[in-house]
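**Student:** coords please:
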Amino acid sequence: MDPENFVLNPIDIVEDVIHGKKWSFSRSDDCELVAEITTQLCQYRLYFTWSEQIRAISFTVTFDIKFPQSKYESAHELLALINEKLWIGHFDITKKNGIPAYRHTVLSLPENEMLQHQLEDLVDIAIYECEKYYPAFQLVLFDDSLPSNALSVSTFDTIGSA
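**Tutor:** Below is the predicted model:
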C-alpha cells in the first residue's frame, strides 16, 4: 500500500485536531469521539460520529444548560432567530433533554490533509458560534428575556476597549 495514498479513518483525523488543541477526549469505538472544553462562558461537549455508509462526519456541540419544557416556545423562537444568521451548521434543542446544541455534518473528502483543515475550521467556527450565542440562551432561560432582546444583547458589536 502506498503510504501517501493511505486514507485514515476520519475519526483519527478528528482525534489529531482535538489533540492539537490540547482538549480532553475519549473514543468509545472507531466511529465516535467525544471531547470536552471549558471556556469563560461554559463547558461544551463535542461529539463526532463517522458514518461509513454515507461517508460523513456528524458533529454536535452541546451546552451545559438545559431548558425546561415550559421554556421550549421561547427557546425555539430564539433558535429560529439565530439560525437565520448562520451560514454553517444550525442550533437546535432536543425535546428529549432540553439541551441546546450546535450541529453540522461534513461529507468526507478523500484527502486526509484537506479533511483535517476542514475539520479544524469547522471546530473553530462551531465554538465561535456557541460562544457568541450562549449569552442569548442564558438570558432566555434564566432572565425570561424575549428571544429578540436576548439575541440583540449577545450580538451587538463593541467599539474600542476599556
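
**Student:** Return the helix or strand in this structure with minimum mean pLDDT.
**Tutor:** Least confident helix or strand of the chain, by mean pLDDT, DSSP states H and E, is helix 147-155 with a mean of 87.

**Student:** Can you give the distance of that helix from its chain's centre?
**Tutor:** Centroid separation between helix 147-155 and its chain, computed with CA atoms, centre = their mean, to the nearest Å, is 20 Å.

**Student:** Which residues does it contact?
**Tutor:** Residues lying outside helix 147-155 but in contact with it, judged by CB atoms under 8 Å, 6 or more residues apart in numbering, are 74-75, 77-78, 81-82, 85, 132-137, 139-140, 143, 145. Where you see a C-beta, it was placed from the backbone N, CA and C, and this is true even at glycine.

**Student:** try 7 Å this time
**Tutor:** Helix 147-155 has contacts (CB atoms under 7 Å, 6 or more residues apart in numbering) with 74, 77, 78, 81, 82, 132, 133, 135, 136, 139, 140.

**Student:** Compute the number of surrounding residues for residue 116.
**Tutor:** Counted by other CB atoms under 10 Å, the residues lying close to residue 116 total 19.
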